[in-house]
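build the 3D model from these lines:
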Amino acid sequence: MCGGVIFPYRKEYREMLAQFYTPAELEQFEATGEVKSLYWQRGEPVLPVLAAGPDEDSDAQEPAPRLLRWGNRDKEAPFPKTGWARMESIDEGKWRHLKPKPALIPVEFGVEKGKWFNIETGIAGLIVQKDGEERIYMLTREANPEFLDHTHHERMPVLVNQADIPWLSGDPVGTISANQSSFPIND
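As a prediction, this is how the structure comes out:
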């Protein structure tokens, strides 16, 4: 699967990030130019999102990503209580009632059970809307043998336009230990 990510910091993100991160963490994001979001972190994790949509104007600039809350850990919220959507569940129509919209989660690094890897384009995702609020869920599939061998997790993210996974020897930002990023995850 993917229990955490690192993505480029943008000034436009500051207001939303301030809802979930401390001033010290915001300063670190600004200094390093990168945001680390872990699904099981204190507060609510967020992810950058580029919604898939029709090309209305081929000369238009690519839209900037926006931040959405990553899944749902609150049993009172009207969203599925997870951060991930299995491809098999999508194919079987189990999310159809939620009218999910495809999206790209443009992140640079992912982590599962303390094992960091490079992400070239991003992760496939679904945007779900309820009561005027949107959430983003990562798409997962059965892990390939390499991912399973490195992480010992049977699920992996659906990587966009990426066949192999460049594994990193440590945390690319170096702000948390591998043990802190290793959480039990149910999807």
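
chain neighbours aside, what residue packs nearest to the most centrally placed residue in the chain?
Centroid-nearest residue in the chain, with CA atoms, centre = their mean: residue 47, separated by 5.1 Å. Distance criterion CB to CB, 6 or more residues apart in numbering; nearest residue to residue 47, sequence neighbours excluded, is residue 70 at 4.7 Å. To be clear about C-beta, it is placed using only N, CA and C from the backbone, and glycine gets the same treatment.

that neighbour: how many residues sit nearby?
25 (other CB atoms under 10 Å).

can you map out the helices along this protein?
Under the criterion DSSP state H, helices of the chain are mapped to 14-18, 23-32, 87-91, 145-151.

give me whichever of these is most buried.
Mean neighbour count, computed with mean count of other CB atoms under 10 Å, is highest for helix 145-151 among the helices of the chain, reaching a mean of 16.

what pLDDT does the residue nearest to residue 47 get?
pLDDT for residue 70: 97.

where in the chain is pLDDT low?
Applying pLDDT under 70 to the chain flags residues 53-61, 174-187.

which strands or helices does the longest strand along it pack on?
If you go by DSSP state E, the chain has its longest strand at strand 133-142. Applying 3 or more CB pairs under 8 Å, 6 or more residues apart in numbering; DSSP states H and E, we find strand 133-142 packed against strand 46-51, strand 66-70, strand 84-86, helix 87-91, strand 101-105, strand 123-130, strand 155-157.

hmm, 7 Å instead?
When contacts are defined as 3 or more CB pairs under 7 Å, 6 or more residues apart in numbering; DSSP states H and E, strand 133-142 sits against strand 66-70, strand 84-86, helix 87-91, strand 101-105, strand 123-130, strand 155-157.
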